[in-house]
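1. coordinates only, sequence not included:
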């Protein structure tokens, strides 16, 4: 009896393979290679598996229960629905990883189409119609997985160019979702250390108007963002013709706000000037042309611009 093994056979045995084991197809090998050939995949090994387990634990069962009530699923249909939703999560995450930490609108559309096709084969015509209404819910109130199914949170497959000065895309100036980066925080001590000529004064409209902003990118977001133009309205509420800069000391009762920034926006004005806007619940700070502008609410009891921004901020 021969004790020696060929290298090929040794590799097969070591990996649990053999003549009866299905080998990966060329497309599967290519897909696996593409998934690891980007910075996100290299920096986050095993992300699809970890995120998949988390999403199943935190969102899948809740979404399944919500769908079961809307569609009136039987116990058997609920078991099938769980499997289909789990497959959708896996498909979504695979596209997210291979997309370098993003999912394109085209890839999301394919994931949704596959899920729709699977449900259409399991539900009655009325049930499938109810499922589509549930799936297209954008608020998350009836669909805990809405954040994965909403095309608003996907990106175009081809990189979007920054809009021209007159191209606001139906008045939506924010082109990218929140990125989660952090900037240097503002403080009472920093404001007190600034020389007077480094502080912006007078009317905000004399320095910057909302209409003069060509584009914006969110680099920090510590509030829940509803669908629609919520962020646009929040930012616009601070940059108005009636707003004036505060040049005196920062009131003591605003110190709490400076420990909890809500939103930081990088923007470019029409003249090509880059600026930074950080919004707190009752305070906002503009940095433009190496100068700083401080904006305060007129009344401490007044709600922040955008209505419920304070309520949506994470509690300490």
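-> Yes, it's here. The structure displayed is predicted, hence computed values, not measured ones. Residues are numbered from 1 along each chain as shown.

2. in whatever helix or strand residue 53 lives in, what's buried?
-> Assigned by DSSP states H and E, residue 53 falls within helix 47-55. The neighbour-count check on helix 47-55 (16 or more other C-beta atoms under 10 Å) flags 47-48, 51-52, 55 as buried. No exception for glycine: its C-beta is placed from N, CA and C like everyone else's.

3. now swap in stretch 274-285 and tell me
-> Using 16+ other C-beta under 10 Å as the test for burial, stretch 274-285 gives 275-285.

4. so of those, which ones are in strands?
-> The members of the buried residues of stretch 274-285 that map onto strands under DSSP state E are 275-279, 283-285.

5. what about the chain, any weak spots by pLDDT?
-> For the chain, residues meeting the criterion pLDDT under 70 lie at 1-37, 139-140, 153-185, 255-257, 298-316.

6. which other helices and strands contact the longest helix that it contains?
-> Counting residues, the longest helix in the chain under DSSP state H turns out to be helix 75-98. Judged by 3 or more C-beta pairs under 8 Å, 6 or more residues apart in numbering; DSSP states H and E, helix 75-98 is in contact with helix 26-36, helix 39-43, helix 47-55, helix 61-71, helix 105-120, helix 146-149.

7. quick revisit: just want the angle from the helix holding residue 53 to helix 61-71.
-> 60 degrees (axes from the mean of the first three to the mean of the last three C-alpha atoms, to 10 degrees).

8. enumerate the positions of the longest helix of the chain that are buried.
-> By neighbour count with 16+ other C-beta under 10 Å, helix 75-98 contains the buried residues 77, 80-82, 84-85, 88-98.

9. ok, stretch 57-68 next?
-> Buried residues in stretch 57-68 (16+ other C-beta under 10 Å): 59-60, 63-64, 66-68.

10. correct me, but residue 243 touches residue 204?
-> Yes: the pair residue 243 and residue 204 qualifies as a contact (C-beta atoms under 8 Å) at a distance of 4.3 Å.

11. mind listing the shared neighbours of the two?
-> Residues touching both residue 243 and residue 204 (C-beta atoms under 8 Å, 6 or more residues apart in numbering) are residue 295.

12. tell me which of those two has more neighbours.
-> residue 204 (21 against 18; other C-beta atoms under 10 Å).

13. contacting residues for the more buried one?
-> Residue 204 is in contact with 239-241, 243-245, 286, 293, 295, counting by C-beta under 8 Å, 6+ apart.

14. mind checking which of those residues land in strands?
-> 286, 293, 295.

15. ok, now how distant is the closest residue to the first one other than its chain neighbours from residue 187?
-> If you skip the residues right next to it in sequence, residue 286 has residue 293 as its closest partner in space, 4.1 Å away by C-beta to C-beta, 6 or more residues apart in numbering. The span separating residue 293 from residue 187 equals 16 Å under the rule C-beta to C-beta, to the nearest Å.

16. quick revisit: is there a quick ChimeraX command that grabs whichever of the contacts of residue 204 are buried?
-> Of those, the buried ones can be selected in ChimeraX as follows, counting by 16+ other C-beta under 10 Å:
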select :239,243,244,245,286,293,295
